[in-house]
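Novice: Model the following, please.
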Amino acid sequence: MCGRYASFRDAQDLAAEFAIADVADDARLLPPSWNLAPTDPVRIVVERASKDTGEVRRSLRLARWGC
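Specialist: Numbers count the residues shown, from 1 in each chain. Reported below is the predicted structural model:
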């Protein structure tokens, strides 16, 4: 059985905590949930390096969570 968890932090709180430069609109609008289940959309932190400069940037995006 897959686990469940709670996600109740505001997108801006997560952005501040993880030094995130870009918050996607859909991630910003995702409401809190005390019972996230597999297949639900969840916020994730994505860290990528720029191809041009090599600078690492973090962004907050949505992904489908599941088993």
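Novice: Name the spans of the chain whose pLDDT lies under the cut-off.
Specialist: 1, 67 (pLDDT under 70).
Novice: Now do the helices in it.
Specialist: 11-17, 25-29 (DSSP state H).
Novice: Quick one, which of these gets closest to Arg58.
Specialist: Of all the helices of the chain, helix 11-17 sits nearest to Arg58, with 8.6 Å by C-beta to C-beta. C-beta: built from backbone N, CA, C; applies to glycine.
Novice: could I get that closest one in CSV with only the CA atoms?
Specialist: Output of helix 11-17 as CSV, limited to C-alpha atoms (Å, rounded to 0.1, in the frame of the first residue of the first chain):
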residue,chain,number,x,y,z
ALA,A,11,3.6,28.0,-1.9
GLN,A,12,5.3,31.3,-0.9
ASP,A,13,6.4,29.7,2.4
LEU,A,14,8.0,26.8,0.5
ALA,A,15,9.7,29.2,-1.9
ALA,A,16,11.2,31.1,0.9
GLU,A,17,12.3,28.0,2.8
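Novice: Give the other helices and strands that it contacts.
Specialist: strand 22-23, helix 25-29, strand 41-49, strand 56-64 (3 or more C-beta pairs under 8 Å, 6 or more residues apart in numbering; DSSP states H and E).
Novice: Adjacent strands (with direction) for the last one?
Specialist: Just to be clear, that refers to strand 56-64. strand 22-23 (parallel), strand 41-49 (antiparallel) (DSSP bridges).
Novice: which parts of that strand are buried?
Specialist: 59-60, 62 (16 or more other C-beta atoms under 10 Å).
Novice: Let me have those in a markdown table, adding distance to Tyr5 as columns.
Specialist: Formatted as a markdown table, the buried residues of strand 56-64 follow (distance: C-beta to C-beta, whole Å):
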| residue | distance to Tyr5 |
| --- | --- |
| Ser59 | 21 |
| Leu60 | 17 |
| Leu62 | 16 |
